[in-house]
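K.L.:
Please work out how this folds:
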Amino acid sequence: MANYRLSILERYDAVLDNPIPGIFAQLDEAWPGSKFILTIRPIEKWLESSRRAGFNQAYATPKAGSVRDFQRVLLFGCSIFNENRYRWVYKTHHALVSKYFEGEKAGQLLTLDFGGGDGWEKLCPFLGYPVPDVPFPHANPRSKQMELNFAQKGLVGLLVKAGVDYRFLRRTGRKLFRR
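P.N.:
Numbers count the residues shown, from 1 in each chain. As a prediction, this is how the structure comes out:
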C-alpha cells in the first residue's frame, strides 16, 4: 500500500497542479475530511489553453523518463498535446471527481468556475473564512502572457530536455525579460 500522507502537507495547507489530479482519492484516504476544489471552464477554452500552453509546445517536450514525462503520461496518457486524448481526460476526470464526492463526501468538494464569475462568495464559506472586501483576483490572463521568441524557445527546449522544471523557467524568464 502506498503512503500518500505526503510530508509537504505537514507544512502547507494546500497543494495543487500535477500530480494532484491523478491522486485526489488517495489523498482523501490519507487525509480524511480534507477539502477539494475542482476548477472548471468550458472544455473548448480549456483545450485551447492547453494547446497554446508553453509546456505543450514542441520545444518543451519533456525528456523521456523524466519526472515531467512521467507526470504527463500518468495524467494524460501521452507526453505531448493530443486534443482527442486531452478531451477524454478532461471529461473523465470531471466525471470521476463528481462521482467520488457524491453522498457523504459531497461537503468535501467545491466546484468553481472562475470564468463564469465564481469567486470569494463561494470559496470563502467553503474554506471557513469571511469574504474579504476586495475584488477577487484574476491572474494570468492570456492577453498578458509573455510570448517567447525563437531563441528563447530554443533555450527553453534545451533546458527542458535536460530535465529542468518548466515552471521554474517560466518564473525566472518573466523576471529576466521584464528588465
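K.L.:
Would you map the strands across this structure?
P.N.:
For the chain, the strands defined by DSSP state E cover 36-39, 109-112.
K.L.:
Same list (those) but as a markdown table, adding distance to A58 and mean pLDDT.
P.N.:
For glycine as for every other residue, the C-beta is placed from the backbone atoms N, C-alpha and C. Compiled in a markdown table, those are given as follows (distance: least, CB to CB, whole Å; pLDDT from 0 to 100):
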| stretch | distance to A58 | mean pLDDT |
| --- | --- | --- |
| strand 36-39 | 27 | 94 |
| strand 109-112 | 32 | 96 |
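K.L.:
excluding its backbone neighbours, what's nearest R5?
P.N.:
Computed as CB to CB, 6 or more residues apart in numbering, the closest residue to R5 that is not its neighbour in sequence is A30, at 4.6 Å.
K.L.:
list the contacts for the one you found?
P.N.:
Neighbouring residues of A30 by CB atoms under 8 Å, 6 or more residues apart in numbering: 3-6.
K.L.:
filter the residues you listed to the buried ones?
P.N.:
Among the contacts of A30, those scoring as buried are L6 (criterion: 16 or more other CB atoms under 10 Å).
K.L.:
I'd like the contacts of A30 laid out as CSV, including distance to F136 and pLDDT.
P.N.:
Conversion of these to CSV gives the following (distance: CB to CB, whole Å; pLDDT from 0 to 100):
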residue, distance to F136, pLDDT
N3, 36, 83
Y4, 31, 84
R5, 32, 86
L6, 29, 81
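K.L.:
Could you identify the most distant pair in the contacts of A30?
P.N.:
Maximum pairwise distance in the contacts of A30, criterion CB to CB, is 8.2 Å, between N3 and L6.
K.L.:
Roughly how far does the residue positioned nearest the centre of the chain sit from A58?
P.N.:
Centroid check for the chain by CA atoms, centre = their mean gives D17 as the closest residue, at 3.3 Å. Taking CB to CB, to the nearest Å as the criterion, D17 is separated from A58 by 22 Å.
K.L.:
correct me, but R72 touches A64?
P.N.:
No. The criterion here is CB atoms under 8 Å, and R72 misses it with A64 at 11.0 Å.
K.L.:
quick one: which of these two has more around it?
P.N.:
Shown here are R72 and A64; by other CB atoms under 10 Å, R72 has more neighbours (21 against 10).
K.L.:
related to what we said a few turns ago, would you list the contacts of A30 in TSV and tack on distance to L127?
P.N.:
Shown next, in TSV, are those (distance: CB to CB, whole Å):
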residue	distance to L127
N3	26
Y4	22
R5	21
L6	20
